[in-house]
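[1] here's a sequence, model it:
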Amino acid sequence: MDHPLNDHPLYPEARRHVKELRGFYGHALSYVVVIGGLAFLNTFATPGRWWVQWAAFGWGLGLAAHGLSMLTRGSAFGRAWEERKIREYLERAGSR
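    You can find the predicted model right below:
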């Protein structure tokens, strides 16, 4: 059974956005669970030597980049930029 939203002209784009958002939420949840587990392990396995911040920092940078890519979607390197670059490439390829 089709939902009336399927007929909306922006439905494919909205569906893609929601899928990407779900991926970000999964990434954030994984970060919290794994870094939390590593912090627990660090606290009890090597209490005098704190190393978990390096994993948290490195993965945190990746998570921040993922989040920024979600926020800036459609701006500097969004769909319009992609379309322009595709057009430029095709024009150059056609002139060979």
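[2] chain neighbours aside, what residue packs nearest to Leu5?
    Tyr11 (5.9 Å; C-beta to C-beta, 6 or more residues apart in numbering). Placement of C-beta: from N, CA and C, glycine included.
[3] and Ala14, by the same measure?
    Using C-beta to C-beta, 6+ apart, the closest residue to Ala14 is His8 (7.5 Å).
[4] what does that neighbour show for phi and psi?
    Per-residue torsions, His8: phi -70, psi 140 (degrees, to the nearest 10).
[5] which other helices and strands does the helix or strand where Arg92 lies contact?
    Using DSSP states H and E, Arg92 maps to helix 79-94. Helices and strands touching helix 79-94, as assessed by 3 or more C-beta pairs under 8 Å, 6 or more residues apart in numbering; DSSP states H and E, are absent.
[6] contact partners for the residue nearest to the spatial centre of the chain?
    Most central in the chain under C-alpha atoms, centre = their mean is His66, positioned 3.4 Å from the mean C-alpha point. Counting by C-beta atoms under 8 Å, 6 or more residues apart in numbering, His66 makes contact with 24, 27.
[7] max-length helix in the protein?
    Longest helix in the chain, counting residues (DSSP state H): helix 11-45.
[8] ok, now how distant is the residue nearest to Leu5 from Ala65?
    Look at Tyr11 and Ala65: by C-beta to C-beta, to the nearest Å, they are 28 Å apart.
[9] then Glu13?
    22 Å.
[10] still on that earlier bit, between Tyr11 and Ala65, which is the more surrounded one?
    Tyr11 (13 against 10; other C-beta atoms under 10 Å).
[11] per-residue pLDDT, the residue nearest to the centre of the chain?
    Note for His66: predicted pLDDT of 92.
[12] list the buried residues of the host helix or strand of it.
    Assigned by DSSP H and E, His66 falls within helix 52-71. For helix 52-71, a neighbour-count test (16 or more other C-beta atoms under 10 Å) marks 52, 56, 59, 63 as buried.
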